[in-house]
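1. Sequence isn't available, so here's the structure alone:
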């Protein structure tokens, strides 16, 4: 079973890399203070991650007056009973993936086609479905974790050493957002 999963992962990585090479994204930057819309991608499998992202979305909305839409991947076929989509906090699951982990669902297509000023991918565990959405999104400026071999995935890649927690990565993102396209 593990060998089959490893082969599937290798095939998925190969197919994703080929698709990434065909992307022709032209970054559009705007100062963070002038940005109106932000898309956030994250792994929502762990309840704590969901709570952290929910608080981060609230922070961006309340303190910076941004329109924020978060899309979380839940690594199971169904969401748990107490987890459900709320305004601006949507989810997709394994049943929304094809055999090589590419997401497909009308909600995902809608997210991909929204013209966010910024996309912030909080993919700290290198989740393949989040990579696919990050690559396909029409967002003006994409921010995410540096991953060797995926140089074209984001417009701004944040390099972190070793394992990083979601709150630590959000701190890194916030630090750089203060400087990216800052008004003079």
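-> Done, it's in. Predicted model only: the values in this text are computed from it and were never measured.

2. C-alpha from now on. contacts and neighbour counts both.
-> Fine.

3. By average pLDDT, which secondary structure element in the protein comes out worst?
-> helix 2-22 (a mean of 72; mean pLDDT, DSSP states H and E).

4. Can you name the element that comes right after that one?
-> Proceeding N to C from helix 2-22, the next assigned helix or strand is strand 37-43, under DSSP states H and E.

5. And that next one, what does it pack against?
-> Secondary-structure packing of strand 37-43 (3 or more CA pairs under 8 Å, 6 or more residues apart in numbering; DSSP states H and E): helix 47-64, strand 67-74, strand 118-122, helix 128-136.

6. From the contact counts, what lies against the least confident helix or strand of the chain?
-> Using 3+ CA pairs under 8 Å, 6+ apart, helix 2-22 sits against helix 128-136.

7. who does the helix or strand just after the helix it packs on pair up with?
-> Following helix 128-136 in sequence order, the next helix or strand is strand 141-145 (DSSP H and E). Strand 141-145 sits in its sheet next to strand 118-122 (parallel), strand 156-158 (parallel), going by DSSP bridges.

8. ok, the closest residue in space to residue 100 that isn't next to it in sequence to residue 120 distance?
-> Spatial nearest neighbour of residue 100, excluding adjacent residues (CA to CA, 6 or more residues apart in numbering): residue 12 at 4.6 Å. Going from residue 12 to residue 120 by CA to CA, to the nearest Å gives 23 Å.

9. Poorly predicted segments of the protein, please.
-> 1-3, 17-18, 20-21, 82-85, 87, 181-184 (pLDDT under 70).

10. Please identify the most buried of the strands paired with strand 141-145.
-> Counting by mean count of other CA atoms under 10 Å, strand 118-122 has the highest mean neighbour count of these, with a mean of 25.

11. quick one: contacts of that one?
-> By CA atoms under 8 Å, 6 or more residues apart in numbering, the list of residues contacting strand 118-122 from outside reads 35, 37-43, 130, 134, 139-145, 166, 169-170.

12. Residue 79 and residue 62: what is the separation?
-> 27 Å.

13. Kindly apply the preceding question to residue 127 instead.
-> 29 Å.

14. Looking at the two, which one has more neighbours?
-> Neighbour tally, residue 127 and residue 62, criterion other CA atoms under 10 Å: the higher count belongs to residue 127, 15 against 11.

15. Pipe the strands paired with strand 141-145 into TSV and attach distance to residue 109 per row.
-> Converted to TSV, the strands paired with strand 141-145 look like this (distance: least, CA to CA, whole Å):
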stretch	distance to residue 109
strand 118-122	15
strand 156-158	23
